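[1] no sequence for this one, just the structure:
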């Protein structure tokens, strides 16, 4: 996975994978859209944490992982 700065900001970060990861539960119609929705939700919430911290740099991975865990466990 590679991290790229989002357009219009020098510190907004989004993760981009060069290959599709197999998902648990098999594959099929709608699986890609679901994973893209989850990715977008995690990215948006992680960015909110960044803004709430006063746009303090250096916590991108921490914010992403905490948000990912919260979304996937249903806490966010």
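    Done, it's in. Predicted model, so just to flag it, every value in this text is computed and none were measured. Numbering: from 1, shown residues only.

[2] Give me the average confidence score over the longest helix anywhere in the chain.
    The residue-count maximum for a helix in the chain (DSSP state H) belongs to helix 31-52. Averaging pLDDT along helix 31-52 yields 90.

[3] Who are the packing partners of it?
    When contacts are defined as 3 or more Cβ pairs under 8 Å, 6 or more residues apart in numbering; DSSP states H and E, helix 31-52 sits against strand 13-16, helix 60-73. C-beta coordinates here come from the backbone N, C-alpha and C atoms, glycine included.

[4] Export the ones you listed as a markdown table, with columns for mean neighbour count, distance to residue 33 and mean pLDDT.
    Formatted as a markdown table, the helices and strands packed on helix 31-52 follow (neighbours: other Cβ atoms under 10 Å; distance: least, Cβ to Cβ, whole Å; pLDDT from 0 to 100):
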| stretch | mean neighbour count | distance to residue 33 | mean pLDDT |
| --- | --- | --- | --- |
| strand 13-16 | 15 | 17 | 52 |
| helix 60-73 | 15 | 16 | 93 |
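
[5] Make a markdown table out of those and add distance to residue 42.
    A markdown table is the format used below for the helices and strands packed on helix 31-52 (distance: least, Cβ to Cβ, whole Å):
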| stretch | distance to residue 42 |
| --- | --- |
| strand 13-16 | 9 |
| helix 60-73 | 5 |
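
[6] Which one, of these, ends up nearest to residue 43?
    When the helices and strands packed on helix 31-52 are ranked by proximity to residue 43, the top entry is strand 13-16, at 5.4 Å, counting by Cβ to Cβ.

[7] residues of the longest helix of the chain that come out buried?
    For helix 31-52, the neighbour count (16 or more other Cβ atoms under 10 Å) marks 39, 42, 43, 45, 46, 47, 50 as buried.

[8] doesn't residue 64 make contact with the second one?
    Yes: using Cβ atoms under 8 Å, residue 42 is in contact with residue 64, at 6.8 Å.

[9] In contact with the residue lying closest to residue 38 once chain neighbours are set aside, which residues are there?
    Among residues not flanking residue 38 along the chain, residue 71 sits closest, at 6.4 Å (Cβ to Cβ, 6 or more residues apart in numbering). Contacts of residue 71 were listed using Cβ atoms under 8 Å, 6 or more residues apart in numbering, and they are 38, 41, 42, 45.
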